[in-house]
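Peer 1: below is the sequence, then the predicted model.
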Amino acid sequence: MSVHPTAIVAPGAVVPESCSIGPYCTVGANVVLGEGCQLVSHVVLDGHTTIGAGSRVFSFACIGIAPQDLKYKDEPTQVVVGEKTDIREYVTISRGTVGGGGITRVGDACLIMAYTHIGHDSSIGNGCILANAATLAGHVTVEDYAVVGALCPVHQYCRIGKYAYIGGGTTITQDVMPFTLTSIARDNHAYGLNKVGLERRGFTPEQLKELRQAYRTLTGSKKNVSQALVELREKIEAGEAGEHVLYLVEFVANSSRGVIR
């Protein structure tokens, strides 16, 4: 393997020969790297941390560090990062806590941009983008292909749905509906479908039409949330809406913090 002379790899760490470890990196004894991982320089991997094959970690990132939680007492909790994920400069990812399930997860093919913080027990899906200085408190869920803009703080226990796009500087204190664009004006609002992002992911015109109508029912009508959900369930049962609308309905119905409308 390629290990720079200034790097420190603790006995017990699992580092395949295909990996590259740059100057001044430190790899803890309970770290497991997949094939072809690259640590650029000054990277800290601590705790029970697993990095999937083909992932890259850039300078001064710290992964698997102890959570910023006063209840944490050095329990052997984990960070698990998927394959082909890029973690850029100065990113911090805290390991989980016993009370939160014990694992902080990042999926496959994600881009975690510079200065992002992923707090303990958070779960990031596949294909997600967290832009510069996105700040996720503990227990945050970001579902597949969602985008969190730069300088966005996300409150504990919030859930960001699939294919959602959050504009830069938006403070998130409630769940973000899947498929939507959410940003800040004088207040936080969902402003419509993430049409461009959905088209890029292969959504058909018919699927976009169904989602647009469902979104308008939820946010643009005079119905309250419960009434809107009843109407949408009736459309699903009648075959007038498909699986994506069903997922949207279940997301809203199961939200514990309420959704941004």
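Peer 2: Nice, thanks for sending it over.

Peer 1: residue boundaries of the strands in the stretch 101-250 of the chain?
Peer 2: Remark: strands assigned in the stretch 101-250 of the chain by DSSP state E, counting those that start in this stretch are 103-106, 111-112, 117-118, 123-124, 129-130, 135-136, 141-142, 147-148, 153-154, 159-160, 165-166, 180-184, 188-193.

Peer 1: contacts for the first one?
Peer 2: For strand 103-106, the surrounding residues in contact (Cβ atoms under 8 Å, 6 or more residues apart in numbering) are 77-82, 85, 87, 93-96, 112, 118-124. Every residue, glycine included, has its C-beta placed from N, CA and C.

Peer 1: if we can go back for a sec, with mean pLDDT and mean neighbour count added, can I get the strands of the stretch 101-250 of the chain in CSV?
Peer 2: Listed next are the strands of the stretch 101-250 of the chain as CSV, based on pLDDT from 0 to 100; neighbours: other Cβ atoms under 10 Å:
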stretch, mean pLDDT, mean neighbour count
strand 103-106, 98, 24
strand 111-112, 98, 22
strand 117-118, 98, 25
strand 123-124, 98, 24
strand 129-130, 98, 24
strand 135-136, 98, 24
strand 141-142, 98, 24
strand 147-148, 98, 26
strand 153-154, 96, 22
strand 159-160, 98, 26
strand 165-166, 96, 27
strand 180-184, 87, 21
strand 188-193, 77, 18
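
Peer 1: as CSV, those strands with distance to Gly34 would be great.
Peer 2: Listed next are the strands of the stretch 101-250 of the chain as CSV, based on distance: least, Cβ to Cβ, whole Å:
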stretch, distance to Gly34
strand 103-106, 13
strand 111-112, 17
strand 117-118, 19
strand 123-124, 17
strand 129-130, 21
strand 135-136, 24
strand 141-142, 22
strand 147-148, 25
strand 153-154, 28
strand 159-160, 26
strand 165-166, 29
strand 180-184, 34
strand 188-193, 36
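
Peer 1: out of the ones you listed, the one nearest Ala228 is which?
Peer 2: Closest of these to Ala228 is strand 188-193, at 13.3 Å (criterion: Cβ to Cβ).

Peer 1: what angle do strand 180-184 and the closest one make with each other?
Peer 2: Here strand 188-193 points in a direction 150 degrees away from that of strand 180-184 (axes from the mean of the first three to the mean of the last three Cα atoms, to 10 degrees).

Peer 1: partners of strand 188-193 in the sheet?
Peer 2: Strand 188-193 sits in its sheet next to strand 180-184 (antiparallel), going by DSSP bridges.

Peer 1: pretty sure Val147 is touching Gly168, no?
Peer 2: No - applying Cβ atoms under 8 Å as the test, Val147 and Gly168 come out as separate, 10.3 Å apart.

Peer 1: which neighbours do these two share?
Peer 2: Each of Ala131 lies in contact with both Val147 and Gly168 under the rule Cβ under 8 Å, 6+ apart.

Peer 1: no more questions from me, cheers.
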